[in-house]
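Asker: Starting from these lines, generate the structure:
(chains A, B, C and D)
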Number of protein chains: 4
Amino acid sequence: MTETVDFPEFEPPERQPAHWLSTSDIRRARAQLPIVYVDAVPVRIDSAGDVVEVGILLRVTENGQITRALVSGRVMYHERIRDALVRHVEKDLGPMALPSIPASPQPFTVAEYFPTPGITPYFDPRQHAVSLAYVVPVRGDCAPQQDALELAWLTPEQALHPDVLAEMSGGQDVLLRQALAYVGRL
Amino acid sequence: MTETVDFPEFEPPERQPAHWLSTSDIRRARAQLPIVYVDAVPVRIDSAGDVVEVGILLRVTENGQITRALVSGRVMYHERIRDALVRHVEKDLGPMALPSIPASPQPFTVAEYFPTPGITPYFDPRQHAVSLAYVVPVRGDCAPQQDALELAWLTPEQALHPDVLAEMSGGQDVLLRQALAYVGRL
Amino acid sequence: MTETVDFPEFEPPERQPAHWLSTSDIRRARAQLPIVYVDAVPVRIDSAGDVVEVGILLRVTENGQITRALVSGRVMYHERIRDALVRHVEKDLGPMALPSIPASPQPFTVAEYFPTPGITPYFDPRQHAVSLAYVVPVRGDCAPQQDALELAWLTPEQALHPDVLAEMSGGQDVLLRQALAYVGRL
Amino acid sequence: MTETVDFPEFEPPERQPAHWLSTSDIRRARAQLPIVYVDAVPVRIDSAGDVVEVGILLRVTENGQITRALVSGRVMYHERIRDALVRHVEKDLGPMALPSIPASPQPFTVAEYFPTPGITPYFDPRQHAVSLAYVVPVRGDCAPQQDALELAWLTPEQALHPDVLAEMSGGQDVLLRQALAYVGRL
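Answerer: From the prediction side, this is the model:
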């Protein structure tokens, strides 16, 4: 997941209800309730809608290890799914990405990240997250907004390479393959 | 919604993590985080899968008013969506309902119940609920488990009658019509 | 349907296999085999993907009657579904419509037009058509390519008005409502 | 595909319209029109809808080669998709299979079998088939109806083994993986 900056203090103030969650409240809720998430698989499509490239976030850790991730993050209180998708895509791909948020709220799947590994293919040690997963075509220029972050555009074939999948964690390799199955490019 | 008995104290103890939510915690979380829900539209299908009847819960209030509702309720911490569907269907239709929980986690829609009316077609004054909605065929005998509750089986045509839809609240009339659109019986 | 010009002689010659269907062959096949179709519901979406307008084709007949239709037409031999969608959208909305063909081939429903009324909600006296139905956002300028044809952009609420639905035929009013159910605007 | 007995002469006579297709007509239409198909992936599910086994047809050819296939076949003139699903499942799994045909006509994907390899992942040298693909839970006893045919129930993990996938042809290995992606068992 890419939620390192996904904390309430970074939300525009006008969106915050009076009783917004403190960091300790978030930590507590995460131990007690499933948290609503969205996962977005950014894609480039051609004029017939066929997926030609998949965007995967790439981070080089301090000790030189590469990790890859999909766009992912929490849905806020009083925030629509589609607004959360816009916010997280812009957070990770920049304000010029021009995402085409799907017209329908029907996700291609629901990824259930459990804090216990093995119950589902998805795992998140911090929490039980129920994540609605969407394929999101982007038409604009993408520029990751954080220092350590890069965006790699890969063909479906490249994205499905075992070496690439092995650099994803928490089951996002499975989710990526589900996304490519959904668009007919598995 | 049908969540009158959907409180932690009714959960089987073996499912409760040590730090289960108290009633006041639930109330607090509901004011601060979107809550994960499931909505189920129980149906009778024929041998070709065609929907012949829709099951709608019916409650007569003390002053004689009729309200109708779909099967609906919260997803617990560390509970899979499909287990929450089983639990809520059995809670409302009884242990002999024999629901056919969908093989795929892809819902037919996501109903976003906001505490503020007008933002989406769905409204819940208690909370912001993000509800994954499924059509659930049931093959067994249905017997609502609470005194004031009945279950009415209606044909799609009867279910779409304005008088019936008018007895549903919180936008569940819209959700019911979406379910019938999804199965080709709008 | 809008298939008045959807005959083989209007297809670009380079697409025609050597043994292309003659008009009499088409007529004969239509009496013997289900024909593959696509239905497209053109929409305008906002930056969050929410449908703000639906495009409905409008034709004034010689005696002044108004009929409304979705974009619809046959899938050719050796043509992909997504290429058929591009072709029919451009045929009806013009070459500058800039349709966003869905990345996934999963349709929101399958409309089975039977030559006998009453078997499904869809009816086509000419044939048994199995039509894959998609919601297609368009971003460009739309200009219908035939004289008698106009394109009306309606809000979802306007499109659902009984007077508008009554001007559609063959069950396309049902299909339009299914499309709006799918995008959460029923 | 499993269409060896899927010829008009095996259809119940009461279903045949007066002008039913002769074998030579079928051959001719196949060279000129996309043909409507259904693909069904039979599964065993547990009480929570989770897929525990996938049914794959298995045929030993005269020279001892094993080939595997999904349930698949043509949709007849004036036949509903859901009736075609029942017919083909019963044809391949026997009359006691008790399939749960999906309530919704929305397929999990559309497999476009082209007579030319490489255009899509699916290939059928005989024809251009547009196949609506469904996951179909079966609850009864399955007994293949043809001599050379067997049915193997495999866990999702077994079904995804490269040796198993290698015994499928025409891209049905891709379709099987798409089905398992759809049910969350990829």
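
Asker: pretty sure A:P99 contacts A:V136?
Answerer: Yes: here A:P99 reaches A:V136: they are 5.0 Å apart, a contact under CB atoms under 8 Å. (Each C-beta comes from the backbone N, C-alpha and C, glycine too.)

Asker: Need the overlap of contacts for the two.
Answerer: Shared contacts of A:P99 and A:V136, defined by CB atoms under 8 Å, 6 or more residues apart in numbering or on different chains, comprise A:40, A:42, A:85, A:89.

Asker: Looking at neighbours, which among these is most surrounded?
Answerer: A:A40 (29 neighbours; other CB atoms under 10 Å in any protein chain shown).

Asker: Is that one part of a helix or strand, or is it coil?
Answerer: strand (DSSP: H, G, I helix; E, B strand; the rest coil).

Asker: pLDDT at it, what is it?
Answerer: The model reports A:A40 with a pLDDT of 98.

Asker: Assess the claim that it and A:R87 are in contact.
Answerer: No: using CB under 8 Å, A:A40 is not in contact with A:R87, being 10.5 Å away.

Asker: what does the helix of greatest length in chain A contact?
Answerer: Secondary structure of chain A per DSSP state H: the longest helix is helix A:81-93. Contacting residues not belonging to helix A:81-93 are listed as A:2, A:5-6, A:38, A:40, A:42, A:55, A:57, A:71-76, A:79, A:97, A:99, A:101, A:105, A:132, A:134, A:136, A:138, A:142-145, A:149, A:151, B:110, B:112, B:130, C:47-50 [CB under 8 Å, 6+ apart].

Asker: Return the list of strands paired to the helix or strand just after it, each annotated with direction.
Answerer: Next in sequence after helix A:81-93, counting helices and strands by DSSP states H and E, comes strand A:109-114. Pairing partners of strand A:109-114, with direction, according to DSSP bridges: strand A:122-123 (parallel), strand A:129-137 (antiparallel).

Asker: Let me know which of those is tucked in deepest.
Answerer: Most buried of the strands paired with strand A:109-114 by mean neighbour count (mean count of other CB atoms under 10 Å in any protein chain shown) is strand A:129-137; its value is a mean of 25.

Asker: what angle separates that one from helix A:81-93?
Answerer: Put simply, strand A:129-137 runs at 70 degrees to helix A:81-93, going by axes from the mean of the first three to the mean of the last three CA atoms, to 10 degrees.

Asker: Give me the helices and strands touching the next helix or strand after strand A:129-137, please.
Answerer: Downstream of strand A:129-137, the first helix or strand assigned by DSSP H and E is strand A:149-154. Identification of packing neighbours for strand A:149-154 by 3 or more CB pairs under 8 Å, 6 or more residues apart in numbering or on different chains; DSSP states H and E yields strand A:51-60, helix A:81-93.

Asker: now the ones you listed as CSV including mean pLDDT?
Answerer: Formatted as CSV, the helices and strands packed on strand A:149-154 follow (pLDDT from 0 to 100):
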stretch, mean pLDDT
strand A:51-60, 94
helix A:81-93, 96
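
Asker: Out of the ones you listed, flag the one nearest D:P125.
Answerer: Evaluated over these, closeness to D:P125 peaks at strand A:51-60, with 26.8 Å, by CB to CB.

Asker: Do any residues in the closest one lie close to chain C?
Answerer: Yes: if you take CB under 8 Å from any CB of the partner chain as the test, strand A:51-60 does meet chain C, through A:V51.
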